[in-house]
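[1] Requesting a structural model of the entry that follows:
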Amino acid sequence: MSYIDLQNVDIDYPLVGMGSRSLKSRLLGTATAGLVSPGDAVPVVKALRNVTFSLSKGDRLGLVGHNGAGKSTLLKVLAGIYQPTAGTITTVGRIVSTLNISLGMEPEATGLENIVIRGLLMGMRRSEISAKIEDISSFTELGHYLNMPVRIYSSGMATRLAFATVTAMDSDILLMDEVIGTGDASFIDKAEKRLNEFLNRSKIIVIASHSDHVIKKFCNRAILLEHGQVVHAGTPDDVIETYHSRAVSNVGA
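    Numbers count the residues shown, from 1 in each chain. Model prediction:
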């Protein structure tokens, strides 16, 4: 069984180093319509407010909203990086996150060594890595470079290595901040097929993206975030239409 359940989740960021008695901090509350509150000691950014939803096997949720709406923060809450300031979150299942696909890359280690290091950091067992290392190595098309230190790789080569490793994992819950790519135009078709297989192996998917096409292609549900709040939920088509109509209304306001 795999599921996610959020109930009335809030996330507050303290703005460290800004005194509550300063004129700047007092003005923030007014200027941001309450999104930044001076509080008693330090100003606080209310990054998420009262977020509630549940996901079960087969759900593919798209997160829609402008920059700063709270999409990435919500993904980090789901990944366990941030703990809610208020409310509760319950997750069951193996979580794989692509929030930073290069996390844990060791420049002085070889490509092969980095496959093992990153696999372990992402929660793979050594036996699992051993079973997948040939597939990962072959997919990268890096050949003899896999025996060389990653510090000599181009950015495209390093991204291929990271992409191949993370997409070899099997997840119950997959979290993605934009659909990951390879940074190499000649590799895109091969990468897209592998990415589709990776997505299809996951029981639950949560994707944040600015691309309408991505949300419609991969998701069966969506939510619209504004200033850390869920303002609309429904099908991808419905939520995207609402997002664009609200954007137009805000411009004209």
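[2] residue boundaries of the strands in the protein?
    Remark: strands assigned in the chain by DSSP state E are 3-14, 36-37, 44-56, 60-64, 86-92, 95-97, 173-177, 204-208, 221-226, 229-234.
[3] looking at these, which one has the lowest mean pLDDT?
    Set side by side, the strands of the chain differ in mean pLDDT, and strand 36-37 is lowest with a mean of 54.
[4] which stretches of the chain form helices?
    Here the chain has its helices, by DSSP state H, at 23-31, 71-79, 111-121, 126-140, 155-166, 188-200, 212-218, 236-252.
[5] quick one: average confidence on the fourth one?
    Spelled out, that is helix 126-140. For helix 126-140, the mean per-residue pLDDT is 94.
[6] quick one: buried residues of that helix?
    129, 132-133, 136-137, 139-140 (16 or more other C-beta atoms under 10 Å). Using the backbone N, CA and C atoms, a C-beta is placed for each residue, glycine as well.
[7] Looking at the residues you listed, which one is closest to Arg246?
    Of all the buried residues of helix 126-140, Arg246 sits closest to Phe139, with 41.0 Å by C-beta to C-beta.
[8] gap between that closest one and Gly111?
    For Phe139, the distance to Gly111 equals 12 Å [C-beta to C-beta, to the nearest Å].
[9] Show me the common contact partners of those two, please.
    Listed as contacting both Phe139 and Gly111 by C-beta atoms under 8 Å, 6 or more residues apart in numbering is no residue at all.
[10] so where's the stretch 51-200 of the chain uncertain?
    Low-confidence segments of the stretch 51-200 of the chain, defined by pLDDT under 70: 181-186.
[11] at 80 what do you get?
    Applying pLDDT under 80 to the stretch 51-200 of the chain flags the ranges 101-104, 179-188.
[12] Contact partners for the closest residue to Met169 other than its chain neighbours?
    Excluding the flanking residues, the one nearest Met169 by C-beta to C-beta, 6 or more residues apart in numbering is Val96, at 5.0 Å. Neighbouring residues of Val96 by C-beta under 8 Å, 6+ apart: 122-123, 166, 169, 171, 173-175, 202.
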